[in-house]
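J.: My questions concern the predicted model and sequence given below.
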Amino acid sequence: MILIEPKGWPLKVQSLLSFDFNHYTDNNARYTVPKGKSDNKMDKIIIAFISGALVAMISSYIAHIFSERRDRRKEFNDAAAKFQNAFIDVKVFLEFGAIGRNSPIVTDNVNEFLGTYRIEHLKAVVEFKAFLNKRERRRIEKAWNEYCHPEEVPKDKYERRDFTFNGYFHIQETRGKEAAKGIALEKINGILKFAQFS
């Protein structure tokens, strides 16, 4: 109780200054603040409100993070499916010897068949690289060069471009068509390993 009692002052001033701030009753007001409980209930309400708002903000942020990750994973999986589908005709030819109706070439010569799909596959690799980090990009480029040049990757960039798939012709002539198909399939799978679904 806060009580001010100045001594030696006139009685009227003494009564004005002797005021109990903890137990205040206003005749015009419809409430009384009991002694010692003035802010306790209000504090609990404010704390509950603030903690509820904080929980809502934190849970909203966490949901946002998870939805971003889910969206990125879905984008990657869609791109990976598209990337893998670009190689499906060649994989069917290499594994089963089957050539589709819509195939741009009808031949059982491995290097000619692969060469027909070169631009389509290169486009797929370039598009899919956008979903890979820097290290994976270098690795997929290396895998692409090894696919195009199965015996060894030429040092000269023009040879890498102009003599693509010629190594399969040499393998087919020396070791047979099935050996050339097996090596090509192995190299394609080396490229497609970057498109594993997450």
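T.: Perfect, thanks for sending it. Numbers count the residues shown, from 1 in each chain.
J.: Going by C-alpha atoms from here, please, whenever you check contacts or count neighbours.
T.: OK.
J.: And the residue nearest in space to the middle of the chain, how close does it get to Lys44?
T.: The structure's the chain has its C-alpha centroid closest to Arg72; by CA atoms, centre = their mean the separation is 3.4 Å. Distance of Arg72 to Lys44, given as CA to CA, to the nearest Å: 42 Å.
J.: Tell me which stretches of the protein form strands.
T.: Assigned by DSSP state E, the chain shows strands spanning 24-25, 32-33.
J.: and the ones you listed, which one is worst for confidence?
T.: With a mean of 50, strand 24-25 has the lowest mean pLDDT of these.
J.: Once you drop chain neighbours, what's closest to Val106?
T.: Leaving out its chain neighbours, the residue that sits closest to Val106 by CA to CA, 6 or more residues apart in numbering is Ile99, at 7.0 Å.
J.: Contacts for stretch 112-132, please.
T.: 76, 79-80, 83, 86-87, 90, 104-107, 137, 140, 164-165 (CA atoms under 8 Å, 6 or more residues apart in numbering).
J.: go again using 6 Å as the cut-off
T.: If you take CA atoms under 6 Å, 6 or more residues apart in numbering as the criterion, stretch 112-132 is touched by 83, 137.
J.: next one: stretch 133-143
T.: For stretch 133-143, contacts defined as CA under 6 Å, 6+ apart pick out 129, 191.
J.: any idea how far it is from the chain center?
T.: Relative to its parent chain, stretch 133-143 has a centroid offset of 18 Å by CA atoms, centre = their mean, to the nearest Å.
J.: low-scoring stretches of this structure, by residue?
T.: In the predicted model of the chain, residues 1-39, 101-102, 104-105, 153-154, 157-162, 198 satisfy pLDDT under 70.
J.: Determine the longest helix present in it.
T.: Longest helix in the chain by number of residues, with DSSP state H as the criterion: helix 40-86.
J.: Now do stretch 189-198: everything it contacts.
T.: 77, 80, 143.
J.: TSV for those, including distance to Val55?
T.: Output for the contacts of stretch 189-198, formatted as TSV (distance: CA to CA, whole Å):
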residue	distance to Val55
Asn77	33
Ala80	37
Ala143	48
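J.: which among the residues you listed gets closest to Leu54?
T.: Using CA to CA, Asn77 comes nearest to Leu54 of the contacts of stretch 189-198, at 34.6 Å.
J.: Let me see the contact set for that closest one.
T.: Counted by CA under 6 Å, 6+ apart, Asn77 has contacts Phe197.
J.: Distance of the residue nearest to Val106 relative to Gly190?
T.: In terms of CA to CA, Ile99 sits 22 Å off from Gly190.
J.: now Met42
T.: 67 Å.
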